[in-house]
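fold the following for me, if possible:
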Amino acid sequence: MTEAHARALLDSIRSSAPGPVSMVVVDGHGEIVAATRMDGVALDTFENARRKAYTAARSDQTTTRALAEKVGAIPSELASFDPQFSFFLGGVAVFENGVRIGAVGVSGLAGDVDESLAKSAIEAAGLSLPPG
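Have a look, this model is predicted:
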């Protein structure tokens with residue numbers, strides 16, 4: 001994940017978000033490359049966005065939605081995951097030439113909206129969505 005990729009993702013989300021959100025872009029290891037919090041967004045959304053991006057970058061699934069669906073509400077499954085993982089919608093892995101290069105996490109609106117903003121930004125930046 002390059003800084004240019006990260007900035008393109010953040011700019012796309014910022015320009016299309018229907019309300020204030022926090023946005024975090026991470027590399028393939030889940031480390032922050034770029035992040036911002038829009039004016040007026042709740043402060044806790046930044047950590048939520050970071051965890052969503054981290055999860056999409058590091059888990060065996062490519063979105064927080066897919067991981068949540070895999071795990072369901074099974075307490076033993078939930079307890080066995082990295083405590084930094086998030087099961088809220090809005091984390092999406094980013095691919096380039098078929099290789100996962102990182103992920104983006106969005107938080108502050110309804111989960112479906114957060115996820116849609118992340119996916120739209122990936123496409124607008126000329127990168128690829130998770131396969132499938």
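
helices and strands around the longest strand anywhere in the chain, which ones?
Assignment by DSSP state E gives strand 99-107 as the longest strand of the chain. If you count contacts as 3 or more C-beta pairs under 8 Å, 6 or more residues apart in numbering; DSSP states H and E, strand 99-107 packs onto helix 3-16, strand 22-27, helix 44-58, strand 91-96, helix 111-124. In short, each C-beta sits where N, CA and C put it, glycine included.

export those to JSON lines and tack on mean pLDDT?
Output for the helices and strands packed on strand 99-107, formatted as JSON lines (pLDDT from 0 to 100):
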{"stretch": "helix 3-16", "mean pLDDT": "97"}
{"stretch": "strand 22-27", "mean pLDDT": "98"}
{"stretch": "helix 44-58", "mean pLDDT": "97"}
{"stretch": "strand 91-96", "mean pLDDT": "97"}
{"stretch": "helix 111-124", "mean pLDDT": "98"}
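
give me the angle between the strand or helix carrying Val33 and helix 3-16.
Following DSSP states H and E, one finds Val33 within strand 32-37. Interaxial angle of strand 32-37 relative to helix 3-16 (axes from the mean of the first three to the mean of the last three C-alpha atoms, to 10 degrees): 20 degrees.

which residues touch strand 32-37?
1-3, 5-7, 9-10, 14, 22-27, 43, 45-46, 49-50, 53, 102 (C-beta atoms under 8 Å, 6 or more residues apart in numbering).

swap in stretch 62-74?
For stretch 62-74, using C-beta under 8 Å, 6+ apart, the contacting residues are 52, 55-56, 59-61, 77-78, 81, 85-93, 100, 105, 115, 130-132.

if we go to 7 Å?
52, 55-56, 59, 61, 77-78, 86-93, 115, 130 (C-beta atoms under 7 Å, 6 or more residues apart in numbering).
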